[in-house]
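>>> This is a predicted model, with the sequence first.
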Amino acid sequence: MALSGDGEGLEEKEDPGAAPFGNFMNYYSFNPPENRLTLIPPTLLQELGLSPESEPVLLLDVGCNSGDLSIALFKHILQDRPSHSQLPNIHLLGFDLDQDLISRAQISNPFPENIQFIPLDITQESSHGELCAYLKKFGCSRFHLCSCFAVTMWVHLNHGDAAFLALLSRLASVCEYLLLEVQPWKCYRSAARRLRKLGRSDFDHFKTLEIRGDMAAHAKDHLEKQCNMELAQSFGSTSWDRSLLLFKRQYKNK
């Protein structure tokens, strides 16, 4: 069950309500990677002071769906490198709940030495151990950059307010930088409306959620007050009017 996108813009014939966890099988056909990548500078790693020439740089993509955006992001940050040069020491781990989508990602992966896709449920406690085991292979305690594109709403709708905040806390705990795209509240209403139009049961927590309104502001508030992170940069809004926000881990002076 993927945690990617919200199906905004899907035609009815695609039956978006059949993916209550965001696991749309053709997600990138209606929200292509370019919608995000045009906002992200290809020099991002350099701007963050990360040098794959001197040490491994580890990237994490949460709710990767079929892997199209993960692979496109990897290519995006490599585009300034000479075509004949070796791939740098950059490694990306993408995960998703949906095993079928992960299988598609694995089959279409052109960089198996640098990109790995695994099935994983970020809402489960065991997920932290699996991420730590991956980090341990590289001798790192955290991912250098974690991307979380349009995932928060699905966790929130299916698991409630506490899970929404716990997701942000868990991601903040495993990375130095967090690139976050939060679905706005209007997407919640759209997702619930599509489910009802198909005659399906409503999301378990939709009517009882207390965290509502400006969802990006709620996420920012939690990350800054509870997770030792601060907003480092805003890359603007996508064509779907969602902000891409970059948060940085704070290290307090002892």
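Perfect, thanks for sending it.
>>> Wait, a strand at Leu246?
Yes - assessed with DSSP: H, G, I helix; E, B strand; the rest coil, Leu246 lies in a strand.
>>> tally of neighbours for it?
Leu246 is flanked by 19 other residues according to other C-beta atoms under 10 Å. Every residue, glycine included, has its C-beta placed from N, CA and C.
>>> Look up which residues are beta-bridged to it.
According to DSSP bridges, Leu179, Gln233 are recorded as the beta-bridge partners of Leu246.
>>> what number of residues lie near the residue lying closest to Cys175 once chain neighbours are set aside?
The shortest distance from Cys175 to any non-neighbouring residue, by C-beta to C-beta, 6 or more residues apart in numbering, is to Cys146 (3.8 Å). A count of neighbours around Cys146, defined by other C-beta under 10 Å, yields 23.
>>> does Cys146 sit in a helix, a strand or a coil?
Applying three-state DSSP: Cys146 is strand.
>>> Surely it touches Cys64?
No - the criterion here is C-beta atoms under 8 Å, and Cys146 misses it with Cys64 at 11.7 Å.
>>> Can you tell me how far Lys90 is from Ala150?
Check again: residue 90 is Ile, not Lys. Taking C-beta to C-beta, to the nearest Å as the measure, Ile90 falls 23 Å from Ala150.
>>> Just want to know which of those two has more residues nearby.
When neighbours are counted by other C-beta under 10 Å, Ile90 and Ala150 differ, and Ala150 comes out ahead with 28 against 20.
>>> List the contacts of the residue most central in space within the chain.
By C-alpha atoms, centre = their mean, the chain has its centre lying nearest to Cys148, at 1.9 Å. Going by C-beta atoms under 8 Å, 6 or more residues apart in numbering, Cys148 touches 62-63, 171, 178-181.
>>> let's see it at 10 Å
Shown in contact with Cys148 (C-beta atoms under 10 Å, 6 or more residues apart in numbering): 3-4, 60-63, 122, 167-168, 171, 175, 178-182, 219.
>>> ditto for Tyr134
The contact partners of Tyr134, by C-beta under 10 Å, 6+ apart, come to 58, 60, 91, 93, 95, 116, 118, 120, 140, 143, 174.
>>> run the last query once more with 6 Å
Leu93 (C-beta atoms under 6 Å, 6 or more residues apart in numbering).
>>> Having no further points to raise, I will conclude here.
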